[in-house]
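Peer 1: based on what follows, work out the 3D shape:
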Amino acid sequence: RKNTENPLVLPTVALCIFSMYQMVRAGLRGDSRVFQTSQRLRVGSQGLAIAMATATVAWEQEAIKKR
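Peer 2: Residues are numbered from 1 along each chain as shown. Take a look at the predicted model:
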């Protein structure tokens with residue numbers, strides 16, 4: 001049900017999980033460049049997920065006002 005209410009949040013959460021996986025893998029290998037890039041990707045994807053959820057709520061509130 002939540003996926004139908006916020007369809008764009010799920011891909012951003014998947015991107016966040018992928019970046020966390022990549023971050024752990026880079027940390028175990030000792031690759032600081034990939035680790036730092038993965039951190040930035042994680043923070044960006046979390047921000048995007050929050051923005052998408054907020055935009056969906058605002059969109060729904062506007063649709064309710066128009067009814």
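
Peer 1: SS state for Leu48?
Peer 2: At Leu48 the chain is in helix, as set by DSSP: H, G, I helix; E, B strand; the rest coil.

Peer 1: which residues of this protein score low on pLDDT?
Peer 2: Within the chain, the ranges that satisfy pLDDT under 70 run 1-5.

Peer 1: how are the helices of it distributed by residue range?
Peer 2: Here the chain has its helices, by DSSP state H, at 2-5, 9-29, 32-66.

Peer 1: just those helices: most buried one?
Peer 2: helix 9-29 (a mean of 15; mean count of other C-beta atoms under 10 Å). (C-beta placed from N, C-alpha, C; glycine too.)

Peer 1: what does that helix contact?
Peer 2: 2-3, 32, 34-35, 38-39, 41-42, 45-46, 48-49, 52-53, 56 (C-beta atoms under 8 Å, 6 or more residues apart in numbering).

Peer 1: nearest to Ile64 among these?
Peer 2: Thr56 (12.7 Å; C-beta to C-beta).

Peer 1: and for the closest residue to that closest one other than its chain neighbours, the neighbour number?
Peer 2: Distance criterion C-beta to C-beta, 6 or more residues apart in numbering; nearest residue to Thr56, sequence neighbours excluded, is Asn6 at 4.9 Å. Neighbour count for Asn6, taken as other C-beta atoms under 10 Å: 18.

Peer 1: doesn't Met52 make contact with Asn6?
Peer 2: Yes - using C-beta atoms under 8 Å, Asn6 is in contact with Met52, at 6.6 Å.

Peer 1: list the contacts for the residue nearest to Thr56?
Peer 2: Contacts of Asn6 (C-beta under 8 Å, 6+ apart): Met52, Ala53, Thr56.

Peer 1: in CSV, list those along with distance to Lys66.
Peer 2: Shown next, in CSV, are the contacts of Asn6 (distance: C-beta to C-beta, whole Å):
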residue, distance to Lys66
Met52, 21
Ala53, 21
Thr56, 16
